[in-house]
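> Got a sequence here, can you model it:
(chains A and B)
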Amino acid sequence: MGRRRASGGALRVWRLLLSSQWREQPALPAVTVLAIGLGVALAASIYLVNGAALRQFTQATRRLVGQADVIVRGPPDGFADSLFVALAHDPGVRIASPMLEVDAALPGHAGALRVLGIDPFRAARMQSALIAGLGAHPADLFQSNGIYLSSEAAQRLRLARGDTLTVIVGDAPRRLEVLGILPTAAYPQALGLMDIASAQWIFDRLGRLNRIDLRLRDGRDPAAFRAALARRLPPGVLAVAPQRERNRARAATRAYRVNLNMLALVALWSGAFLVFSTQSLSVLRRRSSLALLRALGVTRGQLRLALAGEGAAMGALGALLGVGGGALLAAALLRLLTGNLGNAAPSAAGAALGAQPWALCGFFAVGVLVSAFGAWLPARAAARRPPARALKGGDGDGDGGAAASAGLRLGIGLGVLGIALALLPPVARLPLFGYASIAALLFGAVLLVPSLTVRLLDALPRTGRVVFDTAMAQLRENVALSTLSLASIIVSFSLMVAMAIMVYSFRVSFERWLTKLLPADIQMRVPPDNDTAFWSARDQARIAATPGIARIEFRRTRQILLDAAHAPVALIARDLTPASAASVLPIVQRARGASHAQPPPAWISEALEDRYGYRPGATLALPLAGRMQPFTVAGVWRDYAHPNGSIVVQRSTYLAATGDASATAGSIWLAPGAGAAAVAARVRADFAPGAPLEIRTSGAVREHSLQIFDRAFAITYALEAIAVLIGLAGVGFAANSTALARRAEFGMLRHIGMRRRQIIGLLADEGVVLSALGVLYGLLLGVGLSLVLVYVINRQSFDWSIDLAVPVWPLAALGAILVAAAAAAAVFSGRAAVGEDAVRAVREDW
Amino acid sequence: MADQASAARAAVLRLARVGKRYAADRPAVLDGIDLEVAEGDYLAIMGESGVGKSTLLNLLAGLDRADSGRVLLDGIDLSTLDDDATTLLRRRAVGFVFQAFHVLPYLTVRQNVALPLELLGVPAAAQRQRTLQMLAALGIETLAGRLPRELSGGELQRIAIARALVHKPRVLLADEPTGNLDPRTAAQMLAVLRAQIKAHAAAGVLITHSRMAAETADRILILGPRGLKAEERR
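Residues are numbered from 1 along each chain as shown, chains lettered A, B, ... in the order given. A predicted model of the protein is given here:
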């Protein structure tokens, strides 16, 4: 009974406090609500967009994998179809379905079209849902040079039944007739379906397959079968579990998804910190009112619950806005993405959002919990404070010194923990300890603020200027208030600094990487990411004979599969020697003591080192032309172009091993006096219209690449701006609350003869000193956090390194703007506070 | 005479050998204090600044804990209660009037006065009736809907007195209630305070520096370094 009455009392107190909070200073809780809403909206929209994309991809993969128990995969150029015959006769195999999977180059289109060559009768028993899309007459697929398109592919390519689809094979166009369009439900992404014989003919792969799906007889253990089969397969051909196929996309994008989610969490935590900061200030401002409530019989528990409830209520409102905003943002993003693919069909956004009510409830709960957590610490402190002193009019922090020394110990402890966490390896290839390190360093640094502030303010000499000296004395005396004001700048500014340094470092590293990789005057390539376009030796000779070319270098890039657990890696054959490698590749590690007796050299990217464990000096076997060819890892290079990893080998070695003299890219050095535009035009003129050739000056490639980079990081810049705005809002509220809480002090100063201008000057001095300290801390902390971002989180997430670079001047300018804004906020708040009648201000001293 | 009369009634407040010290290296603020206040008894405590008057008031209200001795409120030893139980006892049995008024600036006069009833969970209708009754008793019923910032010091202190007595507490504690008022308003306020204590048969304790204020109580005690002593009435 008593307990029920007590909780009812807490509810009444909560209602009272909340309504007073909103009535007194509506802007403060309103911006806090918006900050929480923003964090929740970002987190929810990122989750929803990722979820929708992944679901679509998973559905597509499921359709392609079908009911297979084992998938035999080879390199893009395939393996002999005799393997299919052998597997089809294996006693353990019930059905074997041969396939040729090709990413076909399309003239005039940046991306390739995935084409699946199948035996429709065998595939019908394996990928039944997909083949059902062909309707009642799958034999129609046998029509020579015919192709069925998925509805996504048809929309993207603007083709209908009876139209002609042109694909590029080598440097020549081949024409296919569109036999029909699969229904949307059959396959959600872009795909072409052909009869396998027709596909082998069109893509010059006669007698070649690169995939065989196997359904085993009942009772056969797929894992044991796969293990036995692996021993019989030719080099470069792997037996893969269907689950691996399904998970590959999920695994490939996991680091990006986790990092985006972390970015959203940072926004959410910034909101939580704002709740902490505003609630702390609000509690300090209302300390006499809260003490009165305690004197009138409000228990500590009721007060604690009521104040934490204030935070939770703000969180609930913010989270509600955030969940709604996040759903709308996700819908808009999905529609935008769909629009970019040229899809005029109804967006998938609605279905995706409608399918995830529990996720949205989860984000709502996170918003509320995070806010309640932010409000809990000040609530606990308020409930612990003895009411008698506040009722008597004690204005100072009182326990600031004790709090500072406790914070110092805990802060140092968290700092050490943060450094230790940064040294730990990734967990399941995710930098979880890196994130924990950031959190520990951030909280540790904030806890150090009171102690450092006291020491720095103590070190400031007396100037003899009454206004400045009074301002410094007030800051020293009210270290808790000063710290709260500082903390909001420190948290937002340090996160912004860390992110700015990380992005700037990446950009600088990327630019250096481009410069190293693009030393020639002109770059050319076939359209990227396809298996069918290349230049023959004759094409290369023709290009090389173009007038105005002093030197030309051709490269061949193709995909090879090293491990069933990972995506294919890029094999790049180019003209280089061990001696020249360092001048043409951004080498980060080199093998020592190479000898001529060793296998030929190969330079692996950092992703290969991280994912496969290859080290410089080790021997690496690559499947080339049906044989495992040994190479020595001569070095590790930084490659931002192939996220799944790449291996560079000498072109002469590649040619000797495979006999493949084709090329997919080239670099041209101009003869003295030759113009880049003229030479490029001449090379282009040598190719038929629609032929696979992209040719640009190296400068244009660099500029285009940097534009793409900046576009990709635009969201980061936007988040940085939001972080700074939240920090500025925190500074503004801190200034406002402090000024309001000190009305009586200002009244007293006015009584003893201080002019209004002097009081405003006093506040400006406090604002400048506090914000300068905040910006300084924020800079130092931000640099520390950026080290973790650059060397731990980036490295462990993306498997490539970047060099640290600090954008000194932009950060200095931003710091100066923050200091000026803080001083302006202090002056503005001071004007309002000293504008009131001084006598009344003194009377209201409680 | 008054002492005899109060002894005949039940003691609402009792202090037995109470001591309080804020730091081990500093002298005790209070030492061996004995006091009894019966219902309907109105007592003034005077003393020089720093002698421990406010500390004594905080001990009486359970806002602070004695280091030695016992404080009994309505027969309950406060040292046996935890913070929550002390708070709930204070909620029910104690009313406060402060020098600085301490009315909540964001509540109307009626809401401020009704606050103790609200905390006690009194039904809304009964709350309204009792609040209006108190406002009328203090002559401020016309101010019911106003906010504190629109009122004078005397009016604010009337609100504080109304709030202190609205829930019919057993004890009313007043700490320099006229410290912020002019002499004429102070005299009016002291008369109101006495009348209300008597009307509610509460035990009243007035802490004050003011001789004029102390004179309105039934008896005056002087708090000094040697404890509480009854003043010789002239």
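> and chain B, which residues reach chain A?
B:54, B:58, B:61, B:63-64, B:83-84, B:87-88, B:90-92, B:94, B:96, B:98, B:100, B:102, B:104-107, B:115-116, B:118-121, B:153, B:163, B:180 (Cβ under 8 Å from any Cβ of the partner chain). Heads up, the C-betas are built off the backbone N, CA and C, glycines and all.
> Would you map the strands across the stretch 51-200 of chain A?
In chain order, the stretch 51-200 of chain A shows strands spanning A:70-73, A:79-80, A:93-104, A:113-118, A:146-149, A:164-169, A:172-181, A:192-195, with DSSP state E, counting those that start in this stretch as the criterion.
> Tell me the confidence at the closest residue in space to residue B:95 that isn't next to it in sequence?
Excluding the flanking residues, the one nearest residue B:95 by Cβ to Cβ, 6 or more residues apart in numbering or on different chains is residue B:164, at 3.3 Å. Residue-level confidence at residue B:164 comes out at 89, pLDDT.
> Residue B:164 against residue B:93, yeah?
No. Contact criterion Cβ atoms under 8 Å: residue B:164 and residue B:93 do not qualify, at 11.9 Å.
> So for those two, which sits in the more crowded spot?
Neighbours were tallied for residue B:164 and for residue B:93 using other Cβ atoms under 10 Å in any protein chain shown; the higher tally belongs to residue B:164 (29 against 22).
> possible to save the strands of the stretch 51-200 of chain A as a markdown table with distance to chain B and mean neighbour count?
Below are the strands of the stretch 51-200 of chain A laid out as a markdown table (distance: least, Cβ to the nearest Cβ, whole Å; neighbours: other Cβ atoms under 10 Å in any protein chain shown):
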| stretch | distance to chain B | mean neighbour count |
| --- | --- | --- |
| strand A:70-73 | 67 | 24 |
| strand A:79-80 | 78 | 19 |
| strand A:93-104 | 68 | 22 |
| strand A:113-118 | 66 | 24 |
| strand A:146-149 | 68 | 26 |
| strand A:164-169 | 73 | 19 |
| strand A:172-181 | 67 | 18 |
| strand A:192-195 | 70 | 26 |
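> I'd like those as TSV, with mean pLDDT appended.
Shown next, in TSV, are those (pLDDT from 0 to 100):
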stretch	mean pLDDT
strand A:70-73	91
strand A:79-80	90
strand A:93-104	92
strand A:113-118	92
strand A:146-149	92
strand A:164-169	92
strand A:172-181	90
strand A:192-195	92
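> Any chance of the ones you listed in CSV with distance to residue A:442 as columns?
Formatted as CSV, these follow (distance: least, Cβ to Cβ, whole Å):
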stretch, distance to residue A:442
strand A:70-73, 45
strand A:79-80, 53
strand A:93-104, 44
strand A:113-118, 44
strand A:146-149, 51
strand A:164-169, 52
strand A:172-181, 53
strand A:192-195, 51
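> Show me the helices in the stretch 301-450 of chain A, by range?
Assigned by DSSP state H, counting those that start in this stretch, the helices in the stretch 301-450 of chain A fall at A:349-354, A:357-384, A:387-392, A:400-422, A:432-459.
> picking up where we left off before, could you tell me which of the residues of chain B next to chain A belong to helices?
By the criterion of DSSP state H, membership of these in helices covers B:54, B:58, B:61, B:83-84, B:87-88, B:90-92, B:115-116, B:118-120, B:153, B:163.
> shaky segments in the stretch 201-350 of chain A?
By pLDDT under 70, the low-scoring segments of the stretch 201-350 of chain A are A:246, A:248-256, A:259, A:267, A:335-350.
> quick one, strands of it?
Secondary structure of the stretch 201-350 of chain A (DSSP E, counting those that start in this stretch): strands at A:208-209, A:211-216, A:238-240.
> packing partners for the last one?
Based on contacts counted as 3 or more Cβ pairs under 8 Å, 6 or more residues apart in numbering or on different chains; DSSP states H and E, the elements that strand A:238-240 packs against are strand A:70-73, helix A:222-232.
> roughly how far apart are the residue of chain B most remote from its centre and residue A:111?
Going by Cα atoms, centre = their mean, the residue of chain B most distant from its centre is residue B:25, 31.1 Å out. According to Cβ to Cβ, to the nearest Å, residue B:25 and residue A:111 sit 81 Å apart.
> what about the helices in the stretch 551-700 of chain A?
A:581-584, A:606-612, A:651-658, A:676-685, A:698-712.
> For chain B, what's the nearest residue on the stretch 551-700 of chain A?
residue A:610 (56.7 Å; Cβ to the nearest Cβ).
> hang on, isn't that residue packed against residue A:799?
Yes. Applying Cβ under 8 Å, one finds residue A:610 in contact with residue A:799, separated by 4.5 Å.
> These two: who's more crowded?
With neighbours defined as other Cβ under 10 Å, residue A:610 and residue A:799 compare such that residue A:799 has more, 21 against 18.
> ok, for the closest residue to chain A within chain B, nearest residue in space, not its chain neighbours?
Per Cβ to the nearest Cβ, residue B:91 is where chain B lies closest to chain A, at 2.2 Å. Leaving aside its chain neighbours, residue B:91 sits nearest to residue A:297 (2.2 Å; criterion: Cβ to Cβ, 6+ apart).
> so how far is residue B:110 from the one you found?
19 Å.
> that older thread, and the strands of the stretch 201-350 of chain A, which is most packed in?
strand A:211-216 (a mean of 23; mean count of other Cβ atoms under 10 Å in any protein chain shown).
> Just the CA coordinates for that strand, please, in PDB.
Provided in PDB are the C-alpha atoms of strand A:211-216 (Å, rounded to 0.1, in the frame of the first residue of the first chain):
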ATOM      1  CA  ARG A 211      29.700 -23.700 -62.100                       C
ATOM      2  CA  ILE A 212      28.000 -27.000 -61.500                       C
ATOM      3  CA  ASP A 213      25.200 -27.300 -58.900                       C
ATOM      4  CA  LEU A 214      24.900 -30.700 -57.300                       C
ATOM      5  CA  ARG A 215      21.900 -32.300 -55.500                       C
ATOM      6  CA  LEU A 216      23.100 -35.300 -53.500                       C
END
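> contacting residues for the nearest residue to residue A:196 once chain neighbours are set aside?
Of all residues not flanking residue A:196 in the chain, residue A:117 sits nearest, at 4.0 Å (Cβ to Cβ, 6+ apart). Residue A:117 makes contact with A:99, A:100, A:101, A:102, A:194, A:195, A:196, A:197, A:198, A:199, A:200, A:203, according to Cβ atoms under 8 Å, 6 or more residues apart in numbering or on different chains.
> isn't the fifth one right next to residue A:201, touching?
So that's residue A:194. No. With contact defined as Cβ under 8 Å, residue A:194 does not count as touching residue A:201 (9.5 Å).
> Quick check: which of the strands of the stretch 51-200 of chain A is nearest to residue A:650?
strand A:79-80 (24.9 Å; Cβ to Cβ).
> gap between that closest one and the chain center?
Taking Cα atoms, centre = their mean, to the nearest Å, one finds strand A:79-80 lying 39 Å from the centre of the chain it belongs to.
> other SSEs contacting it?
By 3+ Cβ pairs under 8 Å, 6+ apart, strand A:79-80 packs against strand A:208-209.
> and residue 185, how many neighbours?
In the absence of a named chain, chain A is used. Using other Cβ under 10 Å, residue A:185 is surrounded by 12 other residues.
> ah, I was thinking of chain B
Using other Cβ under 10 Å, residue B:185 is surrounded by 17 other residues.
> longest helix in the chain, by residue count?
As the question left the chain open, I've gone with chain A. Longest helix in chain A, counting by DSSP H: helix A:242-285.
> wait, chain B
Determined from DSSP H, the single longest helix within chain B is helix B:183-200.
> picking that back up, to chain B, which of the helices of the stretch 301-450 of chain A lies closest?
From those, taking Cβ to the nearest Cβ, the stretch that ends up closest is helix A:387-392, at 4.5 Å.
> State the mean pLDDT of the closest one.
70.
> Output the below-cut-off pLDDT ranges for chain B.
B:1-9, B:232-234.
> Let me see the ranges of the strands in it.
Taking DSSP state E to define them, one finds strands in chain B at B:11-20, B:30-38, B:42-47, B:68-73, B:76-77, B:94-98, B:171-175, B:203-207, B:219-224, B:227-230.
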